[in-house]
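Enquirer: coords please:
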Amino acid sequence: MVLRKKPPGKILASAHAVEREHRVISSLYTHSVVPVPEPVALCEDPSVIGTPFYVMGFAPGMIYLDPNLPGQSSGMRRHIYGQMASTLAKLHAANPAAIKLGDYGVPTAYCSRQLSRWTKQYHASVASPMPEVLQLVSWLEGHVPAEDASPPHPCICHGDYRLDNLVIDPQGGYMVRAVLDWELSTLGNPWADLAYNCLPYHLPAGLPALRRLSHPLPEGVPSEEEYVSWYCAALGRAPPSPEDWAFYLALSIFRLLAILAGVQARAKQGNASSANAAAVASDQVLRALAQAALNIINRVGTTRMQAPGPAAAGTSSGPASSSGGSAMSVDRLPPRVAELRSRLLRFMEAHVYPAEEVLETQAAGEQRWSIHPLQEQLKAKAKAEGLWNLWLPASLASQLHHLLPLCEDAADREVLLGAGLSNLEYAHLCEIMGRSAWAPECFNCSAPDTGNMEILAKYGSKEQQQAWLLPLLRGQIRSCFAMTEKLVASSDATNIQASIKLSGSQYVLNGIKWWTSGACDPRCKIAIFMGKTDPTAAAHKQQSMILVPMECTGVKVVRPMLVYGYDDAPHGHAEVHFTDVRVPASNMILGEGRGFEIAQGRLGPGRLHHCMRLVGAAERAIELMASRGMQRTVFGGPIAKQGAYQADLARCRIDLNGARLLVLAAADALDQHGNKGARGAIAMAKVAAPNMALRVIDSAVQVHGAAGVSQDTVLSRLWTAARTLRIADGPDEVHLGTIAKLELAAQRKREAAPRAKL
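Expert: Predicted coordinates for the structure are as follows:
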């Protein structure tokens with residue numbers, strides 16, 4: 001057990017309010033929001049031990065005092081920082097009212113009140129205020145962000161969130177075991193909480209009492225921009241503007257300064273809780289902090305983060321780029337991403353394109369439902385070159401480091417969690433993979449595996465992740481997604497009729513699924529099955545998703561469905577019958593009634609990958625079209641001289657470049673705003689990309705004549721895949737409806753807003 005009490009003697013007003021601490025950890029513990037010690041008892045009677053106190057359970061683990069994490073590997077540093085970011089995002093995502101903390105504070109004017117509080121505490125703690133501090137306070141008072149008056153996303157703020165207030169469990173995959181020290185917690189502005197967490201990036205040098213990050217950063221420790229992007233991706237929100245971020249940082253430094261001024265005052269009174277309080281809170285430290293905050297203010301014009309654009313959910317304007325706009329252009333990619341792209345292009349030229357004829361021949365022959373050894377060889381080569389799991393965004397990978405100790409092969413561990421790319425950065429690489437139907441699997445970036453891995457990473461239990469996500473990430477097995485049904489319009493997920501019924505410690509499944517992509521592959525070992533657990537519940541709470549090993553009794557792959565004559569061997573799109581299939585209750589993903597929620601979560605990055613690949617397919621088609629036009633002669637001259645051909649080629653380029661920008665904008669919106677906030681941009685990309693690809697590929701087919709519809713070019717396969725994605729990736733009509741609804745909602749908002757007088 002651990003006892004937490006107020007210090008004896010005179011203390012500042014509201015300091016060390018153990019009663020509030022006990023209340024907040026009790027609520028967080030009961031509702032499993034973030035890990036906290038188990039609250040045991042609260043005693044508000046000061047006669048017992050001299051002050052009020054509470055008792056909590058002991059949380060075993062490591063507390064890292066130095067943010068540089070000396071002695072840890074690069075990968076472990078990255079993992080621990082990822083855990084810190086995702087835990088804070090989970091706290092800020094919680095609805096205070098839902099966990100009975102709606103009255104825990106007043107979120108409106110949070111920063112203004114914080115500034116007022118810490119200004120008063122500073123003046124109460126010092127005999128003579130420093131000029132630098134007065135200058136800082138004056139600037140802060142004049143630059144409170146406009147949203148502070150009524151924050152759009154009020155949340156529970158920890159108030160002192162930093163690495164050394166986290167217990168990290170080395171026995172449990174180095175996950176956060178407990179968040180400690182809730183003395184300053186309240187309801188407020190999440191950016192202020194995040195900025196305080198980022199102070200080690202800005203603390204002044206030369207003061208051993210202040211634990212700061214060294215510069216350059218230790219290998220594996222993310223930059224401030226990257227760390228903030230992890231948090232934003234986990235929370236599904238865009239970062240604040242550079243000016244507002246400077247305010248939050250400066251306010252956080254001032255708050256630390258005011259806290260230390262209070263420590264200094266208690267040290268002089270002889271009742272400080274730390275023996276070295278005088279050194280930690282010396283005048284030298286306070287002055288250095290004030291100057292550090294003023295330096296941030298002076299640098300406000302040189303931003304670390306791109307300001308957010310208009311809401312990505314709308315349809316009138318695009319989102320801002322998480323890479324300051326540069327990643328929207330290939331020639332301005334970050335060096336690390338540009339180097340990955342170059343390696344990927346070389347791999348495609350050296351290995352993938354030469355293998356296409358061999359793999360196509362196998363797929364058309366008698367052994368088409370077996371795996372050609374060349375496919376596995378390509379995967380091994382790609383993994384050896386570090387071109388593996390590139391689809392896995394850094395924000396998601398940061399939550400999966402507990403899988404690394406289970407990966408016995410050092411080479412696998414090195415690439416298991418991808419390259420830490422954003423969705424926008426990955427879009428440029430995924431486009432290249434789309435140039436060949438055989439390429440995505442080489443890099444473990446193929447559907448439906450990426451979408452299924454995303455589900456397991458986001459919603460799966462640790463046991464489910466270890467059993468199925470780990471072998472999928474390693475490329476040892478493949479998977480399928482059993483949702484679409486033969487007898488209902490499955491584009492509306494509420495129509496699903498397959499049943500999932502609890503029977504003791506097992507679930508019994510029945511249903512007929514078709515177009516279950518990947519089910520014919522002999523390496524397919526697991527299916528994610530969607531069915532109804534409670535037909536009487538609300539429409540969007542009836543469905544659930546559950547893991548079904550393909551070897552279970554009652555699972556029967558009936559036939560491969562043909563796509564314009566293609567059976568897409570050895571992958572295949574199967575009709576699968578599930579008859580009285582029994583699986584353990586522990587195979588349920590997230591819980592009963594959460595299937596629709598999971599399905600909506602799967603509609604983001606995994607589905608946008610199809611659009612990225614379609615851009616690559618269309619780019620290859622244009623190249624083939626241009627080459628054919630220059631090589632072939634008609635009516636006394638090359639096709640390329642024909643005006644109709646030139647006009648068609650030009651329109652293809654215009655359509656392709658426009659669709660590419662929509663796809664990149666959607667990827668960027670995912671990074672900035674999350675799945676829900678990016679739904680408008682994603683819907684536009686899903687309509688534009690396949691329709692564009694069909695027009696471009698069809699033009700290339702026309703230039704090739706009879707060869708274009710034959711097996712002698714890749715065009716017929718590329719066209720067939722593009723046509724299916726106007727249905728398989730959600731029908732155009734659904735996406736168009738989404739876009740229209742968002743546009744109408746935006747218009748209603750415009751009409752409701754006060755009009756300026758002319």
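Enquirer: and the closest residue to residue 459 other than its chain neighbours, how many neighbours does it have?
Expert: Spatial nearest neighbour of residue 459, chain neighbours left out: residue 590 (4.5 Å); criterion: Cβ to Cβ, 6 or more residues apart in numbering. (C-beta placed from N, C-alpha, C; glycine too.) For residue 590, the neighbour count with other Cβ atoms under 10 Å is 19.
Enquirer: what's the answer for residue 135, then?
Expert: Number of residues near residue 135 (other Cβ under 10 Å) recorded here: 15.
Enquirer: Residue 703: which element?
Expert: In this structure, residue 703 sits in helix 679-704 according to DSSP states H and E.
Enquirer: Show me what that helix is packed against.
Expert: helix 605-631, helix 643-677, helix 715-728, helix 732-752 (3 or more Cβ pairs under 8 Å, 6 or more residues apart in numbering; DSSP states H and E).
Enquirer: what about it, distance to the chain center?
Expert: Centre-to-centre, helix 679-704 and its host chain are 27 Å apart (Cα atoms, centre = their mean, to the nearest Å).
Enquirer: Also stretch 188-203?
Expert: Distance, stretch centre to chain centre, for stretch 188-203: 20 Å (Cα atoms, centre = their mean).
Enquirer: So for that stretch, mean pLDDT?
Expert: Confidence over stretch 188-203 (mean pLDDT, whole number) is 94.
Enquirer: Check stretch 62-80 too.
Expert: Rounded mean pLDDT across stretch 62-80 is 93.
Enquirer: Same question for stretch 382-396.
Expert: 90.
Enquirer: and the end-to-end length of it?
Expert: Criterion Cα to Cα, to the nearest Å; first-to-last residue distance in stretch 382-396 is 22 Å.
Enquirer: got it, and stretch 548-567?
Expert: One end of stretch 548-567 to the other measures 24 Å (Cα to Cα).
Enquirer: residues in contact with that stretch?
Expert: Contacts to stretch 548-567, defined as Cβ atoms under 8 Å, 6 or more residues apart in numbering, come from residues 368, 480, 482, 509, 514-515, 519-520, 524-529, 568-569, 572-583, 587, 717, 720-721, 723-724.
Enquirer: so how far is that stretch off the chain centroid?
Expert: 32 Å.
Enquirer: What residues sit buried inside it?
Expert: 548, 550, 555, 557, 560, 561, 563, 566, 567 (16 or more other Cβ atoms under 10 Å).
Enquirer: min pLDDT across those, which one?
Expert: Minimum pLDDT across the buried residues of stretch 548-567 falls on residue 566, with 89.
Enquirer: and that one, what are its bridge partners?
Expert: On the basis of DSSP bridges, residue 566 is bridged to residue 563.
Enquirer: Mind exporting the C-alpha coordinates of stretch 712-732 to PDB?
Expert: Extracted in PDB, the C-alpha atoms of stretch 712-732 (Å, rounded to 0.1, in the frame of the first residue of the first chain):
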ATOM      1  CA  ASP A 712      -0.600  -9.800 -73.000                       C
ATOM      2  CA  THR A 713      -0.700  -6.500 -71.000                       C
ATOM      3  CA  VAL A 714      -1.600  -5.700 -67.400                       C
ATOM      4  CA  LEU A 715      -4.300  -3.300 -68.500                       C
ATOM      5  CA  SER A 716      -7.200  -5.800 -68.300                       C
ATOM      6  CA  ARG A 717      -6.300  -6.800 -64.800                       C
ATOM      7  CA  LEU A 718      -5.800  -3.200 -63.700                       C
ATOM      8  CA  TRP A 719      -9.200  -2.200 -65.200                       C
ATOM      9  CA  THR A 720     -11.000  -5.100 -63.600                       C
ATOM     10  CA  ALA A 721      -9.600  -4.300 -60.100                       C
ATOM     11  CA  ALA A 722     -10.600  -0.600 -60.500                       C
ATOM     12  CA  ARG A 723     -14.100  -1.500 -61.500                       C
ATOM     13  CA  THR A 724     -14.700  -3.700 -58.500                       C
ATOM     14  CA  LEU A 725     -13.600  -0.900 -56.200                       C
ATOM     15  CA  ARG A 726     -16.500   1.300 -57.100                       C
ATOM     16  CA  ILE A 727     -18.500  -1.400 -55.200                       C
ATOM     17  CA  ALA A 728     -16.100  -3.300 -52.900                       C
ATOM     18  CA  ASP A 729     -14.800  -0.100 -51.300                       C
ATOM     19  CA  GLY A 730     -18.300   1.100 -50.600                       C
ATOM     20  CA  PRO A 731     -20.600   2.000 -53.600                       C
ATOM     21  CA  ASP A 732     -20.200   5.500 -55.100                       C
END
